[in-house]
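>>> what's the 3D shape of this:
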Amino acid sequence: MSERLNPERILLVTGMAGAGKSTALNTLEDLGWEVVENLPLSLLDRLLDTPPAEGTSPERRPLALGIDTRTRGFDSEAVLQRVGKLRKKSHQEVAILFLDCAGSELERRYDETRRLHPLALDRPASDGIARERELLAPLRQGAEYLLDTTNLSRNELQHEIRTRFAEERGPDTVLSVMSFGFARGLPRNADLVFDMRFLRNPHWDRELRPMTGLDKAVGDYIVEDPGYEPAISQIEQLLLTLLPRYASEGKAYVTVAFGCTGGRHRSVHVAERVARRLREAGFSPTVAHRDLATAPRDAVEEPKAR
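Residues are numbered from 1 along each chain as shown. Sure, this is the predicted structure:
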């Protein structure tokens, strides 16, 4: 008799329609996960009792289940109860990934694609988004993983999923260092945010303005600020103190964000410097510059100090 399906871990993928659930599930499938979408949880036991398809690998592949308000018999509280029972009767890790997104961005996505919201087929998308957010609130609260996709492109979302759920990832904390511009909004997934707007601003130097914090001339200009070295050294020391503590507490992902006004000069330079210091200390941060490609504009920069 064939063995029953016995995944090493089970991940319930849910969230707001339009927030990227299909992209997340496709990425997990590319990573080798078994993926099943919109399966009524009442059929989960039957699925787990089903033997693997003939000719497939006998390895215990992790299982991702996509579920949302369109799933037959959907009820957030019932889903949480079903997940709780599954955790008690199985030896696998069972977790929930919730994909969230700001309502304004969801409306923009629906408007761009000309799709109808599944809960507002004859009404504005905003009505369906509000109703869906209400229905999903218990699942959002009970999720082990919360990923806000408001400011993420499709490629960035894929990267986030790979970073968090690739099976080859070891037990160490996944560390990300990023730069951003306050004028374009705070990064929603940052754990620690440091404001670099106290440093002298290269934007007001005509020669440096077209450059970025990756250019040596810009870095030299920022380093000359008398407040630079004392502040950045203390931030580095703080991170070297905090990061091992986060790891010992089991925090799987830490994102450190450095912001300036436009996100092109000061924050970029400091993010690169701090990442180098962390690598020297044995960490392996990935670095991303959210607003590096934006055009420099006087209107978004603070008035030049006199």
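
>>> look at residue 14 and give its secondary structure.
Following DSSP: H, G, I helix; E, B strand; the rest coil, the label given to residue 14 is strand.

>>> so it sits right up against residue 136, yeah?
Yes: the criterion here is Cβ atoms under 8 Å, and residue 14 meets it with residue 136 at 7.0 Å. All C-beta spots, glycine's among them, are computed from the backbone N, C-alpha and C.

>>> regarding this protein, what is its longest helix?
Criterion DSSP state H: the longest helix present in the chain is helix 228-248.

>>> please, which helix or strand holds the residue nearest to residue 213 when sequence neighbours are not counted?
Spatially, and ignoring its direct neighbours in sequence, residue 213 is nearest to residue 268 (2.8 Å; Cβ to Cβ, 6 or more residues apart in numbering). Secondary structure assignment for residue 268, by DSSP states H and E: helix 266-280.

>>> pLDDT below threshold where in the chain?
1-6, 45, 48-60, 90-91, 167-172, 250, 298-306 (pLDDT under 70).

>>> ranges for the helices of this structure?
Using DSSP H, helices in the chain cover 21-30, 44-48, 76-89, 103-113, 125-142, 154-165, 216-223, 228-248, 266-280.

>>> highest average neighbour count across the ones you listed?
Ranked by mean neighbour count under mean count of other Cβ atoms under 10 Å, the helices of the chain are led by helix 266-280, which reaches a mean of 22.

>>> which residues touch the nearest residue to residue 135 once chain neighbours are set aside?
Of all residues not flanking residue 135 in the chain, residue 69 sits nearest, at 5.5 Å (Cβ to Cβ, 6+ apart). Shown in contact with residue 69 (Cβ atoms under 8 Å, 6 or more residues apart in numbering): 17, 118-119, 132, 135-136.

>>> may I have the phi/psi pair for residue 69?
Listed backbone geometry of residue 69 is phi -70, psi -10, with angles given as degrees, to the nearest 10.

>>> could we number from 50 for the rest of this?
Sure thing, new numbering starts at 50, so read that last one as residue 118.

>>> run the angle between the helix holding residue 317 and helix 277-297 for me.
50 degrees (axes from the mean of the first three to the mean of the last three Cα atoms, to 10 degrees).

>>> packing partners for helix 315-329?
Applying 3 or more Cβ pairs under 8 Å, 6 or more residues apart in numbering; DSSP states H and E, we find helix 315-329 packed against strand 223-230, helix 265-272, helix 277-297, strand 302-309, strand 335-338.

>>> tally of neighbours for residue 246?
By other Cβ atoms under 10 Å, 13 other residues sit near residue 246.

>>> rewinding a little: need the CA coordinates for the longest helix of the chain. PDB is fine.
Extracted C-alpha coordinates of helix 277-297, given in PDB (Å, rounded to 0.1, in the frame of the first residue of the first chain):
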ATOM      1  CA  TYR A 277      28.600  61.400  10.800                       C
ATOM      2  CA  GLU A 278      31.200  59.200  12.400                       C
ATOM      3  CA  PRO A 279      30.000  59.400  16.100                       C
ATOM      4  CA  ALA A 280      26.400  58.600  15.000                       C
ATOM      5  CA  ILE A 281      27.000  55.800  12.500                       C
ATOM      6  CA  SER A 282      29.500  54.100  14.800                       C
ATOM      7  CA  GLN A 283      27.000  54.100  17.600                       C
ATOM      8  CA  ILE A 284      24.300  52.700  15.300                       C
ATOM      9  CA  GLU A 285      26.700  49.900  14.200                       C
ATOM     10  CA  GLN A 286      27.500  49.100  17.800                       C
ATOM     11  CA  LEU A 287      23.800  49.000  18.600                       C
ATOM     12  CA  LEU A 288      23.100  46.600  15.800                       C
ATOM     13  CA  LEU A 289      26.000  44.300  16.800                       C
ATOM     14  CA  THR A 290      24.300  44.200  20.200                       C
ATOM     15  CA  LEU A 291      20.800  43.700  19.100                       C
ATOM     16  CA  LEU A 292      21.100  41.200  16.200                       C
ATOM     17  CA  PRO A 293      22.500  38.300  18.200                       C
ATOM     18  CA  ARG A 294      19.700  38.900  20.700                       C
ATOM     19  CA  TYR A 295      17.000  38.700  18.000                       C
ATOM     20  CA  ALA A 296      18.600  35.400  16.800                       C
ATOM     21  CA  SER A 297      18.600  33.900  20.300                       C
END
